[in-house]
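In: Please work out how this folds:
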Amino acid sequence: MTKLYFLAFTFYTSLVLSQKKDSATLISEVKIDAYKKPTSFIASTKSVSVVSENLLNQNPPERLLESVNQIAGARMEERSPGSYRISLRGSTLRSPFGVRNVKVYLDDFILSDASGNTYFNVISPELINRIEIFKGPESGDFGAATGGTVLLQTQNSENTSANISVGSYGTFNESLNFSKQFGKHFFQIFQNYYRTDSYREQSAVERKQVFIKDNFQYSKNAELKAMILLSDIDYQTPGGLTLEQMQLNRKQARPGTATLPGAKEQDAGIRNKMILAGISHELKIIPNLSHFVLVQGSYVDFENPFITNFENRFENNFALRTHLNYSQNCENIAAEWRLGFEGGTNHIFIKNFDNNKGIEGNPQNFDKLQNNSGFFFVSQKLNFNKKLFSDISLSLNSNAYEWEKIFPSSESGKTKFKDQLLPNFGLTYLIGKGFSVRGKVGKGNSAPTNEEIRSSNQEFNLNLVPEYGWNKEVGVRKQFGNTLFAEANYFDFRMKDAIVRRQNERGQEFFVNSGETVQKGLEVLLESKNFNLKNNFFSSFKFRFSGSFYQFKFKNYQQGETDFSGNDLTGVPQTTVNSLLSFTFFNQISVDYSHFYTSKMPLNDANTVWSDSNIVGNIQFRFPVQFEKTTMNLFFQVQNLYNTDYVLGFDINAFGNRYYNPAAKRSFVLGVKVDL
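Out: Coordinates of the predicted model:
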């Protein structure tokens, strides 16, 4: 099947390259935002990728995973439906669920909390209209993170639509979106309901969400934005299996043992209710000087019935961001400067009880944790004759936390990590039209999150320290006429005190610093425009190929008397290759045919257990039906087309060899989206 696929690609490529191009936009021709720093993609000094609306449309509405996984260097994993994590260049080394070591923004607002944790799964994929992914440490405007930064953008144009879809395993998804300009206000209200029984036992998901925003351009030089996000997600967690258990029955939840009950018996799962609200203001004081400020707050009610306990977390978050922006254009030089601050505080009250088959029992531990973090930043962008582009930034980052044991013992303390000065320097030279080379050097730092300081073993780990390191990279971007775009990036990231996840004999997690890692990699992209074939049967065609080729190693890493130095980095595949072929037949029927290849990867630090490599294919058919001013878009998707046995998210360093969370076999989604 793989050989036939590549032969088909070769044939179609040779066919369409001789055809006349249309006006579809290549990724090289778009502008990236970089948090209110618009710049052209070809001139950007950053290692950035864009998940466009077209790329998002390859997924069924309730999923985001496949679109993100088309990006070289980005990997979205799903331990079970609803339990997502995002890796940028191997950053899931420390993330059992959620997103850590990656900063996430939603429009103007900050989705990550003060400790660096992000509940990414509270966001409905249909809310997102575009994603910008910045790989590697950025410091500057984005502060401390060694993995990277993700900018999620919502609807910015008028649209009224409704979607409904059904699929395998009792999947149902429904959403409504209303976006419209009313005078000086751009108003959006979005609502979504999603549920599924899922493939495995004890893995049902239910998500409800409402999002409202108002962008008020109350004067020519000023805009006020307000938003509120209400999200309620409830998903069961089936738990990891051993290889023998998975081979015996892929659908089963983690079974009980002689000493511990199973996931189904304990009704293991996560129930997360979140309210996020904020307001931002941008003012152009004079033509060359502007000011931006936002304030936001959130509340999280988090329940996690686990095999060994029932945990409740109540979180209050507050954040502030502000910066001054100044620009100056001379005859041959254009310059921009930014000076600002971003900071937040995060208060958590944690209660652990016995888990009596999904019901709170006797109390085990009550603790409190407060995390305060912030950074001052300054950045400068220079453009010399539209040929040489530089981006220099510096941020001063601070992080501290206070902890308190309340029950059964009473104790408290505080820890402040050493302030970190993080520089970042990038340079791009435009050799010719659509052809640029770039280089970048930057330092990253990432402090332990709340869930790592006080993990599920219910102990405060006061020995954890931030991980940090220097990243160096070079890249080339080349547009071939108006038909093809190619990009290649090579990076070398040396990280020290890397934070690694472990499990004890009860399945509870804890974290350790793992010495040093050496992370070298090559990331490539080849993308075409949409070729108009002027054929009634085979109307148009476009393609996209991306790949990541990594050599990630532990260095100076010893646990007890065991030396892991020289071992491959846990949970990171050496090779991933992704592709998307899009066809149009009869000028109406669209077909998206995608593939994801993942090489084997080590599942423990000792490199004694490895996953199997796999290739997964998906195919989607879309058919629009026009009724005057209404368009009805019918779609049908087959996921895991080849019925591959594979895992979308492993439990790395799992106790008892319970590494495996089997993904669904072949499944189907059928739906319709109506645009009014």
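In: C-terminal to the helix or strand that contains Lys542, what's the next element?
Out: Under the criterion of DSSP states H and E, Lys542 resides in strand 538-555. Heading C-terminal from strand 538-555, the first helix or strand you meet, by DSSP H and E, is strand 558-559.
In: Could you tell me the average pLDDT over whichever helix or strand comes after that next one, please?
Out: Sequence-wise, the next helix or strand downstream of strand 558-559 (DSSP H and E) is strand 562-563. The average pLDDT within strand 562-563 is 88.
In: Note down every partner strand of strand 562-563 and its orientation.
Out: strand 558-559 (antiparallel) (DSSP bridges).
In: Show the pLDDT at the residue lying closest to Ile228 once chain neighbours are set aside.
Out: Excluding the flanking residues, the one nearest Ile228 by C-beta to C-beta, 6 or more residues apart in numbering is Ala277, at 4.4 Å. (Glycine included, C-beta is placed from N, CA and C.) Ala277 carries a pLDDT value of 98.
In: If we ignore the residues flanking it in sequence, what's nearest Gly444?
Out: Distances taken as C-beta to C-beta, 6+ apart put Pro137 closest to Gly444, at 2.5 Å, once the chain neighbours are dropped.
In: Am I right that the one you found is in a strand?
Out: No. Pro137 sits outside any strand when classified using DSSP: H, G, I helix; E, B strand; the rest coil, being coil.
In: For it, give me its contacts.
Out: By C-beta atoms under 8 Å, 6 or more residues apart in numbering, the contact set of Pro137 is Ala145, Thr146, Gly148, Leu422, Asn424, Gly442, Lys443, Gly444, Asn445, Gly469, Asn471.
In: ranking the residues you listed by neighbours, who comes first?
Out: Within the contacts of Pro137, neighbour counts (other C-beta atoms under 10 Å) peak at Thr146, which reaches 30 neighbours.
In: does the most centrally placed residue in the chain sit in a helix or strand, and which one?
Out: Taking C-alpha atoms, centre = their mean as the criterion, Ile86 is the residue nearest the geometric centre of the chain, at 4.2 Å. For Ile86, the element it lies in under DSSP H and E is strand 83-88.
In: what's that strand in contact with?
Out: Contacts to strand 83-88, defined as C-beta under 8 Å, 6+ apart, come from residues 64-65, 68, 73-79, 92, 95-99, 102, 120-121, 133, 135-136, 147-148, 150, 235, 237, 270, 572, 649.
In: Can you show me the CA trace of the very next helix or strand once past it as PDB?
Out: Proceeding N to C from strand 83-88, the next assigned helix or strand is strand 102-106, under DSSP H and E. Extracted C-alpha coordinates of strand 102-106, given in PDB (Å, rounded to 0.1, in the frame of the first residue of the first chain):
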ATOM      1  CA  VAL A 102       4.800  25.000  25.800                       C
ATOM      2  CA  LYS A 103       3.200  28.500  26.200                       C
ATOM      3  CA  VAL A 104      -0.300  28.700  24.700                       C
ATOM      4  CA  TYR A 105      -2.200  31.900  23.900                       C
ATOM      5  CA  LEU A 106      -5.900  32.200  22.700                       C
END
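In: from the chain's centre, how far out does strand 102-106 sit?
Out: Mean-position distance between strand 102-106 and its chain equals 8 Å (C-alpha atoms, centre = their mean, to the nearest Å).
In: now swap in stretch 598-616 and tell me
Out: 22 Å.
In: Just the terminal-to-terminal distance for it.
Out: For stretch 598-616, the first-to-last residue distance is 9 Å (C-alpha to C-alpha, to the nearest Å).
In: rewinding a little: tell me which of the contacts of strand 83-88 fall in strands.
Out: Among the contacts of strand 83-88, DSSP state E puts 74-79, 102, 133, 135, 148, 150, 235, 270 in strands.
In: Residue ranges in the chain under the pLDDT threshold?
Out: In the predicted model, the chain carries pLDDT under 70 at residues 1-25, 27-28, 91-98, 506-507.
In: quick check: longest strand of the protein.
Out: strand 360-384.
In: Buried residues in it, which are they?
Out: 360, 364-375, 377-381, 383 (16 or more other C-beta atoms under 10 Å).
In: Report the distance from that strand to the chain centre.
Out: From the chain centre to the centre of strand 360-384 is a distance of 18 Å (C-alpha atoms, centre = their mean).
In: Partner strands of it and their direction?
Out: strand 333-355 (antiparallel), strand 388-407 (antiparallel).
In: got those strands as CSV, with mean neighbour count and distance to Phe655 columns?
Out: Listed next are the strands paired with strand 360-384 as CSV, based on neighbours: other C-beta atoms under 10 Å; distance: least, C-beta to C-beta, whole Å:
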stretch, mean neighbour count, distance to Phe655
strand 333-355, 18, 18
strand 388-407, 19, 25
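In: could I get these as TSV with distance to Val577?
Out: Output for these, formatted as TSV (distance: least, C-beta to C-beta, whole Å):
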stretch	distance to Val577
strand 333-355	37
strand 388-407	30
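In: is it true that Tyr218 touches Leu224?
Out: Yes. Using C-beta atoms under 8 Å, Tyr218 makes contact with Leu224 at a distance of 6.1 Å.
In: more crowded one of the two?
Out: Counted by other C-beta under 10 Å, Tyr218 and Leu224 do not tie: Leu224 has more neighbours, with 17 against 11.
In: ok, now which ones touch that one?
Out: Asn215, Phe216, Tyr218, Ile279, Ser280, His281.
In: got the angle for the helix or strand that contains it vs strand 74-80?
Out: Element membership for Leu224, per DSSP H and E: strand 222-236. Angle, strand 222-236 to strand 74-80, by axes from the mean of the first three to the mean of the last three C-alpha atoms, to 10 degrees: 40 degrees.
In: Check the offset of strand 222-236 from the chain's centre.
Out: The answer for strand 222-236 is 17 Å, by C-alpha atoms, centre = their mean.
In: Next SSE downstream of it?
Out: helix 243-248.
In: gap between that following helix and the chain center?
Out: Its chain's average C-alpha position is 30 Å from that of helix 243-248, according to C-alpha atoms, centre = their mean.
In: how about that helix: buried residues?
Out: For helix 243-248, burial by neighbour count (16+ other C-beta under 10 Å) applies to Gln245, Met246.
In: again, but for stretch 595-605
Out: Going by neighbour count (16+ other C-beta under 10 Å), the buried part of stretch 595-605 is His595, Phe596, Tyr597, Thr598, Ser599, Met601, Pro602, Leu603, Asn604, Asp605.
In: first to last residue in it, what's the distance?
Out: With C-alpha to C-alpha as the measure, the first residue of stretch 595-605 is 29 Å from its last.
In: what comes into contact with it?
Out: Residues contacting stretch 595-605 (C-beta under 8 Å, 6+ apart): 5, 66, 69, 500, 514, 554, 557, 559, 564, 567-579, 609-618, 646, 650, 652-654, 659.
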